[in-house]
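1. starting from these lines, generate the structure:
(2 chains)
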Amino acid sequence: AQSVAQPEDQVNVAEGNPLTVKCTYSVSGNPYLFWYVQYPNRGLQFLLKYITGDNLVKGSYGFEAEFNKSQTSFHLKKPSALVSDSALYFCAVREQAAGNKLTFGGGTRVLVKP
Amino acid sequence: NAGVTQTPKFQVLKTGQSMTLQCAQDMNHEYMSWYRQDPGMGLRLIHYSVGAGITDQGEVPNGYNVSRSTTEDFPLRLLSAAPSQTSVYFCASSYSNRVGYEQYFGPGTRLTVT
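-> This is a model prediction of the structure:
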């Protein structure tokens, strides 16, 4: 069965510093990986996805993620964090062997301090 | 486009009551789904639909019913509410159920069962 792990419940970073949110996955076939962000009292918003091709994927709001097949990871990164990036971030995976269902990690809360 | 809309935003039920959470999308999306969000557990799939007239169970379907008579609407029915169903419920839609397509989420319904 497919699964996603986000090992950090919370990440604290100073504004202007690099931000990394970690994600590892487990699938039996080819993974299709997604990052979503949830601002307080809002639904989830799509940030970026990895389907195939370049291992470095660029998405919305200056975020990017690096797919690493050997480490089964898909870490989310931003070179210079903003206070407005403070939110809950979810990694998710889909694979055809699981009926294309989307499985989410438990989420990582990011707090960017001024 | 309004995107994915959900009503109500908040609801309090007593144990044993029934109710329907409404979800609609105006993007002509084929795939729709319901998730529940509980702290530290990410989002878990309740039911999903790959088109009008077609529904299937997700990871946590017990206590919930769905139907999809039109492309636009995908209501979720709680048959006899229980405190364990206290959660935030999100509806999502996607152009296709194929693995490469991201999902778009509604703003959520916060349900409390007393």
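2. which residues touch residue A:105?
-> A:4-6, A:23, A:90-92, B:42 (CB atoms under 8 Å, 6 or more residues apart in numbering or on different chains). C-beta coordinates here come from the backbone N, C-alpha and C atoms, glycine included.
3. swap that for residue A:33, please
-> A:23, A:25, A:49-50, A:65, A:67, A:74, A:91-93.
4. so which of the contacts of residue A:105 comes closest to residue B:102?
-> The shortest approach to residue B:102 among the contacts of residue A:105 belongs to residue A:92, at 9.3 Å (CB to CB).
5. can I assume that closest one sits in a strand?
-> Yes: per DSSP: H, G, I helix; E, B strand; the rest coil, residue A:92 lies within a strand segment.
6. flag the shaky bits of chain A, pLDDT-wise.
-> Residues of chain A meeting the criterion pLDDT under 70: A:97-99.
7. show me which residues of it sit near chain B.
-> A:4, A:9, A:32, A:34, A:36, A:41-46, A:49, A:51, A:90, A:94-96, A:100-102, A:104-107 (CB under 8 Å from any CB of the partner chain).
8. from these, which land in strands?
-> Judged by DSSP state E, the residues of chain A next to chain B include A:4, A:32, A:34, A:36, A:44-46, A:49, A:90, A:94, A:102, A:104 as members of strands.
9. now do the same contact list for residue A:17.
-> A:80-81.
10. mind running it again at 7 Å?
-> Residues near residue A:17 by CB atoms under 7 Å, 6 or more residues apart in numbering or on different chains: residue A:81.
11. so, low pLDDT: which residues of chain B?
-> For chain B, applying pLDDT under 70 flags no range at all.
12. how about a markdown table for the contacts of residue A:33, with neighbour count and distance to residue B:14 added?
-> Output for the contacts of residue A:33, formatted as a markdown table (neighbours: other CB atoms under 10 Å in any protein chain shown; distance: CB to CB, whole Å):
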| residue | neighbour count | distance to residue B:14 |
| --- | --- | --- |
| A:23 | 25 | 39 |
| A:25 | 20 | 40 |
| A:49 | 20 | 41 |
| A:50 | 21 | 45 |
| A:65 | 26 | 44 |
| A:67 | 20 | 48 |
| A:74 | 29 | 43 |
| A:91 | 29 | 37 |
| A:92 | 25 | 34 |
| A:93 | 26 | 38 |
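13. which of the residues in stretch A:93-113 are buried?
-> Across stretch A:93-113, burial judged by 16 or more other CB atoms under 10 Å in any protein chain shown covers A:93-95, A:98, A:100-108, A:110, A:112.
14. tell me which element residue B:24 is part of?
-> Counting by DSSP states H and E, the element that carries residue B:24 is strand B:19-25.
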